[in-house]
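J.: Attaching a predicted model along with its sequence, questions to come.
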Amino acid sequence: MTIASRYTELTADRQSYLDEGRRMAELTIPTLLPPQGHNNTTKYKTPYQSLGSRGVNNLASKLLMALLPTNTSFARLSVSDDQLEKLGAKARGEVEVGLSKIEKQVMTQIETRAIRVSGFEALKQLIVVGNALTFIAPDGGMKVYRLDRYVVYRDTMGNLMEVILLEQVNKNMLPKNVQEQLPLNITEEQAKSLDIYTHCIRQDNKWRVTQECMGVLLEETAGSYNEQEFPYQALRFVRIDGENYGRGYVEEYKGDLYSLESLSKSIIDASAAMAKLLFLVKPGATKAKALSQAKNGAFVTGDANDVTALQINKSVDLQVTKGTIEMLNSRLASAFLLNSAVQRNADRVSAEEIRFMAQELETALGGVYSILSQDWQLPLVGILLAGLTKAKKIPKIPNGIEPMITTGLEQLGRQQDIEKLGGFIQFCNALGPEVLGQECNKTELVKRFAAAMGIDPLGLLKTPEEKQVAQDSQTQQMQQQMMAQGMIKAAPQLAQQAGQAGQAIQPKPQEQP
């Protein structure tokens with residue numbers, strides 16, 4: 001079976017999700033999932049209300065800020081307690097400092113690759129359509145594919161087992177060795193848009209990737225990835241057991257959106273009809289033509305009772321429609337968190353605000369935030385770590401030290417460490433001021449605080465040699481001060497002794513004869 005035929009086989013299961021996604025896109029942002037056969041000249045349907053698009057953009061923005069915060073790490077690396085015991089208690093601070101440096105490298109990759117830009121697009125696809133496929137290039141950013149560009153197959157546990165991606169590529173953009181494998185009878189029109197199928201299948205805990213074009217298997221592009229390095233992620237917003245695809249958030253509120261769309265259209269049409277200005281002229285002495293052609297201030301023969309303005313007395317009825325629209329707006333605004341004021345409108349927000357936002361998203365979306373943290377954040381960090389290790393930008397993690405990546409609501413684990421350390425110090429001080437100095441290793445405590453704050457202590461904390469030099473210098477200064485103070489205290493006695501000695505050696509006056 002060719003990859004193209006397998007793709008066609010799997011599209012039957014995808015069709016219902018695709019149709020529903022397009023209907024939801026029409027109510028919110030139509031360009032997120034265009035109709036079948038679209039091109040650059042396609043005219044998209046314009047919704048009669050903008051609440052759907054505002055809600056999608058607002059919710060995607062909040063999710064992006066919580067999942068990929070700009071001023072803090074969304075993941076942390078930690079080592080199990082068993083491994084720490086083998087390394088020794090004093091090595092924990094050094095390990096935490098080293099892992100903190102690796103976390104910074106991962107965050108730098110997210111910034112330099114502009115992953116947040118593509119991440120915002122992926123989140124909008126997930127909210128509206130419920131599905132999105134992301135690809136992280138080895139040396140580039142992240143690309144997002146719509147549902148009409150890929151198919152997937154999952155096992156009974158929901159684990160991804162197969163992905164087939166369809167792309168259109170110009171023949172001249174392909175490598176020369178790939179062009180040589182293609183049939184010779186390709187027309188000029190076909191060469192402008194060739195279908196390239198990328199088939200990813202999981203076998204023996206590895207992902208085998210092959211490509212096909214015009215029925216020809218492109219052996220030059222074949223490869224394999226382990227679980228941590230696999231660059232494709234098929235994301236779902238709402239999981240449903242036994243289904244290969246997810247459901248969108250908008251689908252859960254489509255009843256309110258359809259009602260709001262219909263009522264908005266009705267009230268707009270009614271408002272346009274009421275705004276139309278028409279005059280009715282009674283047949284008789286008053287001439288309609290004379291009235292329409294008369295200049296401002298002119299005199300026209302006629303009777304004022306013969307002319308009336310056409311009115312549509314539906315304002316009372318429209319009040320009911322207006323009240324229903326306000327009710328729908330309020331319900332949808334609450335669903336899309338448009339009324340939330342947790343996050344300040346600022347370039348940088350505090351870690352506490354991000355934590356509150358994450359809790360709000362978790363409560364409002366019923367666990368969807370946690371799903372995205374595990375399905376998107378965790379693989380993203382794994383891919384970036386694998387790439388950094390291959391590029392030798394970070395050291396390879398030694399055997400026996402297994403990093404555990406905590407995401408989701410645990411993204412502020414470093415802040416929690418700071419709070420715990422601060423509480424520990426307060427507890428020790430409550431037992432007595434001398435307890436902290438007698439029982440705690442202050443150097444280790446400072447290192448752990450630095451690691452929890454994401455601060456590199458290199459050059460900041462004194463080395464043992466610098467401490468010894470500083471201690472020797474302090475001891476010398478104290479000795480000099482003690483000597484100086486001793487001399488000051490002994491000065492009066494020395495002066496008195498010197499005076500007595502002077503009197504002793506002074507010659508006695510001779511007696512007069």
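T.: It's in. Just so it is clear, the structure is predicted and the values come from calculations on it, not from any experiment. Numbering: from 1, shown residues only.

J.: Can you give me the first-to-last residue distance of stretch 307-320?
T.: End-to-end distance of stretch 307-320: 32 Å, with CA to CA, to the nearest Å as the criterion.

J.: Now that stretch: average pLDDT?
T.: For stretch 307-320, the mean pLDDT works out to 83.

J.: which other residues reach that stretch?
T.: 267, 270, 273-274, 277-282, 286, 291 (CB atoms under 8 Å, 6 or more residues apart in numbering). Backbone N, C-alpha and C define where each C-beta goes, glycine included.

J.: quick one: which helix or strand includes the closest residue to residue 33 other than its chain neighbours?
T.: With CB to CB, 6 or more residues apart in numbering as the criterion, residue 33 has its nearest non-adjacent residue at 4.3 Å, and that residue is residue 25. Counting by DSSP states H and E, the element that carries residue 25 is helix 3-27.

J.: Mind checking what helix or strand follows that helix in sequence?
T.: helix 51-67.

J.: okay, the angle between that following helix and helix 3-27?
T.: 120 degrees (axes from the mean of the first three to the mean of the last three CA atoms, to 10 degrees).

J.: Report the distance from the very next helix or strand once past helix 51-67 to the chain centre.
T.: The C-terminal neighbour of helix 51-67 among helices and strands, as given by DSSP H and E, is strand 76-78. Its chain's C-alpha centre and that of strand 76-78 lie 18 Å apart, by CA atoms, centre = their mean, to the nearest Å.

J.: Please tell me how far the residue nearest to residue 33 sits from residue 40.
T.: To residue 40, residue 25 is 18 Å away according to CB to CB, to the nearest Å.

J.: Which one's more surrounded, the two?
T.: Neighbour count, other CB atoms under 10 Å: between residue 25 and residue 40, residue 25 has more, with 27 against 4.

J.: Distance check, that one against residue 236.
T.: According to CB to CB, residue 25 and residue 236 sit 17 Å apart.

J.: and if you look at residue 291?
T.: Per CB to CB, residue 291 is found 66 Å from residue 236.

J.: more crowded one of these two?
T.: residue 236 (24 against 15).

J.: if I pick the more buried one, what's in contact with it?
T.: Per CB under 8 Å, 6+ apart, neighbours of residue 236: 126, 130-131, 245-247, 371, 375.

J.: Restricted to strands, list these.
T.: Secondary structure defined by DSSP state E assigns residue 131 of these to strands.

J.: what sits up against stretch 176-187?
T.: By CB under 8 Å, 6+ apart, stretch 176-187 touches 171, 174, 194, 213-216, 218-221.

J.: Now do the strands in the stretch 151-300 of the chain.
T.: Taking DSSP state E, counting those that start in this stretch as the criterion, the stretch 151-300 of the chain contains strands spanning 160-169, 194-203, 206-213, 216-226, 232-236, 279-281.

J.: now residue 256: how far from residue 28?
T.: From residue 256 to residue 28 the distance is 12 Å (CB to CB).

J.: between the two, which one's more packed in?
T.: Comparing residue 256 with residue 28 by neighbour count (other CB under 10 Å), the higher total belongs to residue 28, at 26 against 18.

J.: pLDDT score for the more buried one?
T.: So residue 28 comes in at 95 (pLDDT).

J.: ok, now residue 340?
T.: On pLDDT, residue 340 comes in at 54.

J.: Report the contact partners of residue 58.
T.: Listed by CB under 8 Å, 6+ apart, the contact set of residue 58 reads 336-338.

J.: Residue 115 versus that one, what's the distance?
T.: 21 Å.

J.: burial count for the nearest residue to residue 225 once chain neighbours are set aside?
T.: Nearest residue to residue 225, sequence neighbours excluded (CB to CB, 6+ apart): residue 207, at 4.5 Å. Neighbour count of residue 207, defined by other CB under 10 Å: 21.

J.: for residue 224, same thing?
T.: Neighbours of residue 224 (other CB under 10 Å): 14.

J.: likewise residue 277?
T.: Neighbour tally, residue 277, other CB under 10 Å: 7.

J.: Angles on the backbone of it, please.
T.: phi -100, psi 110 (degrees, to the nearest 10).

J.: Tell me, how many residues neighbour the nearest residue to it once chain neighbours are set aside?
T.: Spatial nearest neighbour of residue 277, chain neighbours left out: residue 309 (7.4 Å); criterion: CB to CB, 6+ apart. Around residue 309 there are 8 other residues, counting by other CB under 10 Å.

J.: check contacts around residue 26.
T.: So residue 26 contacts 45, 47 (CB under 8 Å, 6+ apart).

J.: With that, I have no additional questions.
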